[in-house]
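Trainee: output the structure for:
(2 chains)
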Amino acid sequence: MVKSSGRFSDHTWLVIKYALGIAAVIFFIFPIFWLFKASFNKPIDAVVLPPVWIFKPEIKNYIDIFVEEPFLKYLINSVLISGGATFLAILIGFPAAYAFARADFRFKKDLAFWILSIFMFPPLASILPMLILFKHLRLVDTVPGIILAHLTFLLPLSVWLLQRFIRDIPIEVEEAALVDGAKTFIRLRRVVLPIIANGIATTAIFCFIFSWNDFIFALVLAPGSAKTLPVASVSLSSWAYINWGKISAASMIITGPVFLLILLTRRYLVRGFTFGLK
Amino acid sequence: MLIEKKQTLWLMSPTVLTLLLITIFPLMYALNVSLSDYSLAAGKQVHQFNDFQNFSKVLTDPEFWHSLWVTFKFAGLCLIFELTIGLGLAVVFSERGFRLEPLSMLMILPMAIAPVIVGLVFRWFYSNDVGIIGFLLRSIGISPPAWSSSGVAALFSLVIADIWEWTPYVFLICMAGLKSIEPEIYEAAEIDGARGWIKFKRITLPLMKPTIILVLLLRAIPALKEFDKVFIITDGGPGIATEVTSSYIFKQFLWFNNLGTATAAALILLAVITVVCQILFAYLRKHEEQIQGTGKW
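Mentor: Next up, the predicted model:
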């Protein structure tokens, strides 16, 4: 056996690596597991320490947030807002993404980085001005208002991700269509769109997740009837007595769909979370 | 050429117009607001122009500078820990034959969770009576830190939550970077007798440099904008010890109903983030040929 250069033998290193690995897995999984467990506990069992590990799972927390709190309404709001914003981000962003990937024009790179930089705006710098405008337009606390607001970060995301996916299509495919006489928009619909269906689905998933998880936009612009799930779950914690069982159930309702989507798109996780920069 | 000049204009205009409408237009509006007195309740500007009073009010407010300092402290601490831990774990997990590798898919889940939930679960964990952290520490005979009364402990309570949420992100991107390094390079180095630390320093780090810069950029910006977790876990407290700039802005807006000051502060934060971005971007573009997305323009 070859000796390691350090003070430890290869065997010791192996033990250290596995210990670190297991510790990391526990550290990153535990809070999620904890929420999951608590969501099926009786409210009192959810917070008792030392924790109760063996119990009969109950769905009372889930029922409570839908019966005692109007979570169904918030759920519908969230689905409408994230779905609508995602749809618009793809619809508006796709042509631009195509131009970025295939056309050559002046200031192309500057324009692309300007779009990217919008994602980096501190949210309040766009929210507060929007609030005043929305007051005039009567868009405060409405689903269309939040959809519009979410486009400030979804549109840059969709343009950047889509152009990355379009670049993956061999240009020869389109040149062949061009030789056959297909005009740009027909080519877009008949040739590019079918090939890129996967890329669009992936982009849509990421847009949906970013919109779904947003807190501050919804907090300021939709405090009432257009309230989304994240804002609603925070309001659950604003009482002196906090019902952690209910909060856990609400958290699982927000998190569940995201985990499912992440699983669906795991091949493109890196690309999605880095704007296609990697 | 696949696309004619005129078509480019048609293709670009929906995105550009929408973005102008929802960002630049309100921003112009905001400049107008931040340069005048505006109260939401009144719903109208009281004075048309107030000689940059809102900006000077913010820039002379020690609380604003304090919040900027807290923001950079928070972002700096988060980045240092997340980069070190994330890269370290990626090196371990990407090693050939490491059997926990399939679990890495589970490890990246925290970054997909809504920041609000991260905030809530950590607020629960830190709580004195029902928090698991205090319970675990007490059961091994350590008295838990005073999360809510000590400024340093409160800041670290935020940093720990951020580490939990975003180290998986660094880990994921570093894993992808490490996997793209040719194994032959390591094999050649091993033949030359390089091992462990030397291999990491001489091969991994230089080859990972573009990836690390990218991660730095992509983590620095959200960290400087952080609001959600602060709002939920400490709400800037104790006192203003953990009040980041976003919380300062929010407070100006919500408590003092002072939209002018809040917007002015938001614009200053925007300028600060833009400067930081430009520095990192310039650095990134130097390495862009090595980063796929920006390479082939």
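Trainee: got any ranges where the stretch 51-200 of chain B has weak pLDDT?
Mentor: Residues of the stretch 51-200 of chain B meeting the criterion pLDDT under 70: B:51.
Trainee: so where do the strands sit in the stretch 151-297 of chain B?
Mentor: In the stretch 151-297 of chain B, no strands are defined using DSSP state E, counting those that start in this stretch.
Trainee: for A:Leu263, give its distance to B:Leu89.
Mentor: Per Cβ to Cβ, to the nearest Å, A:Leu263 is found 21 Å from B:Leu89. C-beta: built from backbone N, CA, C; applies to glycine.
Trainee: who has more neighbours out of these two?
Mentor: B:Leu89 (24 against 12; other Cβ atoms under 10 Å in any protein chain shown).
Trainee: contacts only, for that one.
Mentor: Contact analysis of B:Leu89 by Cβ atoms under 8 Å, 6 or more residues apart in numbering or on different chains lists A:Leu20, A:Gly21, A:Ala24, B:Met107, B:Thr167, B:Phe171.
Trainee: can you select the buried ones from these in ChimeraX?
Mentor: Selection of buried members from those for ChimeraX, criterion 16 or more other Cβ atoms under 10 Å in any protein chain shown:
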select /A:20,21,24 /B:107,167,171
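Trainee: out of the contacts of B:Leu89, which is nearest to A:Ile59?
Mentor: For these, the residue nearest A:Ile59 by Cβ to Cβ is B:Met107; the value is 28.4 Å.
Trainee: what's the average pLDDT for stretch A:33-53?
Mentor: The predicted model gives stretch A:33-53 an average pLDDT of 83.
Trainee: what's in contact with it?
Mentor: By Cβ under 8 Å, 6+ apart, the residues outside stretch A:33-53 that reach it are A:55, A:57-62, A:243-246, A:248-249, A:251-252, A:255, B:117, B:121, B:130, B:132, B:135, B:139.
Trainee: now list the buried members of those residues.
Mentor: Burial of the contacts of stretch A:33-53 was assessed by neighbour count (16+ other Cβ under 10 Å); the buried members are A:60-62, A:243-246, A:248-249, A:251-252, A:255, B:117, B:121, B:132.
Trainee: flag the shaky bits of the stretch 1-150 of chain A, pLDDT-wise.
Mentor: Applying pLDDT under 70 to the stretch 1-150 of chain A picks out residues A:1-8.
Trainee: repeat that with 80
Mentor: Across the stretch 1-150 of chain A, the ranges flagged by pLDDT under 80 are A:1-10, A:43-49, A:51-55, A:120.
Trainee: so A:Tyr98 makes contact with A:Arg189?
Mentor: No - in this structure A:Tyr98 lies outside contact range of A:Arg189 using Cβ atoms under 8 Å: 11.2 Å.
Trainee: pull out the buried residues from stretch A:97-108.
Mentor: Of the residues in stretch A:97-108, A:Ala97, A:Tyr98, A:Ala99, A:Phe100, A:Ala101, A:Arg102, A:Ala103 count as buried by neighbour count, 16+ other Cβ under 10 Å.
Trainee: now do the phi/psi pair for B:Pro145.
Mentor: Phi and psi for B:Pro145, reported as degrees, to the nearest 10, are phi -60, psi 150.
Trainee: contacting residues for it?
Mentor: Residues in contact with B:Pro145, defined by Cβ under 8 Å, 6+ apart, are B:Ala153, B:Phe156.
Trainee: contact partners for residue 221?
Mentor: Unless you meant another one, I'm taking chain A. By Cβ under 8 Å, 6+ apart, the contact list for A:Leu221 reads A:Ile127, A:Met130, A:Leu131, A:Phe134, A:Val140, A:Asp141, A:Gly145, A:Ile146, A:Ala149.
Trainee: wait, chain B was what I had in mind.
Mentor: Neighbour list for B:Ile221: A:Met120, B:Ile273, B:Val276, B:Cys277 [criterion: Cβ under 8 Å, 6+ apart].
Trainee: will you turn those residues into JSON lines that also has distance to B:Pro144?
Mentor: Output for the contacts of B:Ile221, formatted as JSON lines (distance: Cβ to Cβ, whole Å):
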{"residue": "A:Met120", "distance to B:Pro144": "36"}
{"residue": "B:Ile273", "distance to B:Pro144": "34"}
{"residue": "B:Val276", "distance to B:Pro144": "35"}
{"residue": "B:Cys277", "distance to B:Pro144": "38"}
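Trainee: most widely separated two among those?
Mentor: Using Cβ to Cβ, these reach their maximum pairwise distance at A:Met120 and B:Val276, which is 9.3 Å.
Trainee: if anything else comes up later, I'll come back, but that's it for now.
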